[in-house]
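# Give me the fold of what follows.
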Amino acid sequence: MMIASKIIDDNPGIYDVLCFSYNDNEKYNHYFAKISEKCDVSYRYIVESQGKIGRVFEFAKYRLFINKIIKVHYDKVFLASVDNPFFHLLLSLLIKNEIQTFDDGTANIYKKSTYYVFPKKSVLQYGILRLFGNIYHTQQVIDKSVLHHTIYEGFENITQPLKFVKLLDLNIESMPNKSIKVYLGQPLEDLNLKNEDKIFKVLKEHAVDHYLPHPREKKQYDGFTYIHTPLIFEDYVVELLVSGYSVEVYTLLSTAVLNVEHKDLTVYIAIFPEIKGKYLGVYNLFNKKGFIFLEKGAF
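Sure, this is the predicted structure:
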């Protein structure tokens with residue numbers, strides 16, 4: 001939503017916005033309210049189904065939702081999640097002159113993501129999508145995009161041509177007079193770590209005392225001051241920098257750190273052997289950005 005909002009600023013016009021998500025949280029609400037102020041009409045759709053059978057009924061519900069909001073014709077459709085079947089159905093039902101795409105996180109520049117290695121759908125999945133009127137698939141969306149808006153300057157992306165979007169315009173001239181160390185969290189259960197305690201041992205060794213949790217994190221850990229804010233990481237760091245802080249950010253694999261650059265921001269990456277091989281491509285992106293690795297000889 002932050003990138004979409006910036007695209008709207010850079011390309012004045014009359015916009016409708018559809019915010020599609022698989023859960024609801026404070027951050028989504030905050031940024032949806034902000035982008036809605038810039039648009040003529042705004043819609044939200046939250047997927048509530050669980051399991052394959054539930055998802056079929058969800059598509060039926062979504063099809064009815066689209067029929068209610070759809071307009072006769074759009075000049076341009078701007079789309080982030082090029083692999084999402086709900087968006088494929090939306091594109092199938094819209095009359096439009098052109099499709100433009102924009103970044104959906106580092107999936108756009110990570111060559112092992114589903115934007116480059118497409119998961120195969122079963123004949124049944126294709127049949128159900130076709131039944132609801134879908135005629136699109138991921139490669140077709142990529143091929144039909146006439147322009148891709150990216151925040152990752154200097155990186156290859158899923159399609160050409162590229163237009164760079166400057167997400168944050170920082171012009172801070174004053175010297176920082178205070179400092180803060182922040183751990184940028186993520187749901188560790190996604191990584192299947194054998195011993196997550198060693199992560200927090202490393203953080204304690206580096207005197208990291210603030211914790212900015214991911215919206216999907218449920219578990220809390222002792223010994224940290226938790227940061228509760230409706231802002232996403234990028235905006236929160238800018239707020240700190242503007243307030244006179246020099247900022248040290250520590251993370252394991254959160255790619256949000258790729259989105260902010262400033263002389264008073266230092267990023268540290270903790271590497272653990274049990275996940276290093278699986279996420280080597282992500283660590284290579286971190287390395288390209290010049291981040292500091294806490295494991296000696298990592299690269």
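
# what sits up against the stretch of helix or strand residue 62 belongs to?
Using DSSP states H and E, residue 62 sits within helix 51-69. Contacts with helix 51-69, where a contact means CB atoms under 8 Å, 6 or more residues apart in numbering, come from 16, 18, 41, 43, 45, 47-49, 85-86, 89-90, 93, 128-129, 132-133. For every residue, glycine as well, the C-beta is placed using N, CA and C.

# so who does residue 36 touch?
Contacts of residue 36 were listed using CB under 8 Å, 6+ apart, and they are 17, 42.

# Any of the contacts of helix 51-69 buried? List them.
Buried positions within those, assessed by neighbour count (16 or more other CB atoms under 10 Å), are 18, 43, 45, 47, 85-86, 89-90, 128-129, 132.

# Sitting in helices, which of the residues you listed do you find?
Counting by DSSP state H, these place 85-86, 89-90, 128-129 in helices.

# Same list (the residues you listed) but as CSV, adding pLDDT and distance to residue 276.
Below are those laid out as CSV (pLDDT from 0 to 100; distance: CB to CB, whole Å):
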residue, pLDDT, distance to residue 276
85, 93, 32
86, 95, 34
89, 95, 38
90, 95, 38
128, 87, 39
129, 88, 37
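
# Relative to residue 185, which of those residues is nearest.
Compare each of those with residue 185 using CB to CB and the shortest gap goes to residue 86, at 27.7 Å.

# is it true that that closest one touches residue 20?
Yes - Residue 86 lies in contact with residue 20 (CB atoms under 8 Å); the separation is 6.2 Å.

# shared neighbours of these two, anything?
Taking CB under 8 Å, 6+ apart as the contact criterion, the residues that touch both residue 86 and residue 20 are 45, 47.

# what about the residue nearest to residue 139 when sequence neighbours are not counted, distance to residue 108?
Counting by CB to CB, 6 or more residues apart in numbering, residue 118 is the residue found nearest to residue 139 once chain neighbours are left out, at 6.9 Å. Shown here: residue 118 relative to residue 108, a distance of 14 Å by CB to CB, to the nearest Å.

# ok, which stretches of the stretch 51-200 of the chain are strands?
With DSSP state E, counting those that start in this stretch applied, the stretch 51-200 of the chain shows strands at 74-79, 96-102, 145-150, 162-164, 178-184, listed in chain order.

# Rebuild the ones you listed as CSV, extending it with mean pLDDT.
Output for the strands of the stretch 51-200 of the chain, formatted as CSV (pLDDT from 0 to 100):
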stretch, mean pLDDT
strand 74-79, 96
strand 96-102, 97
strand 145-150, 97
strand 162-164, 96
strand 178-184, 96
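
# Quickly note the distance from residue 206 to residue 256.
As judged by CB to CB, residue 206 and residue 256 stand 19 Å apart.

# More neighbours: the two, which one.
When neighbours are counted by other CB atoms under 10 Å, residue 206 and residue 256 differ, and residue 256 comes out ahead with 19 against 14.

# Using the three-state scheme, assign the more buried one.
In three-state terms, and counting by DSSP: H, G, I helix; E, B strand; the rest coil, residue 256 is helix.

# wait, doesn't it sit right on residue 236?
No - using CB under 8 Å, residue 256 is not in contact with residue 236; the gap is 9.9 Å.

# Now do residue 140: how many residues are near it, please.
By other CB under 10 Å, the residues close to residue 140 number 14.
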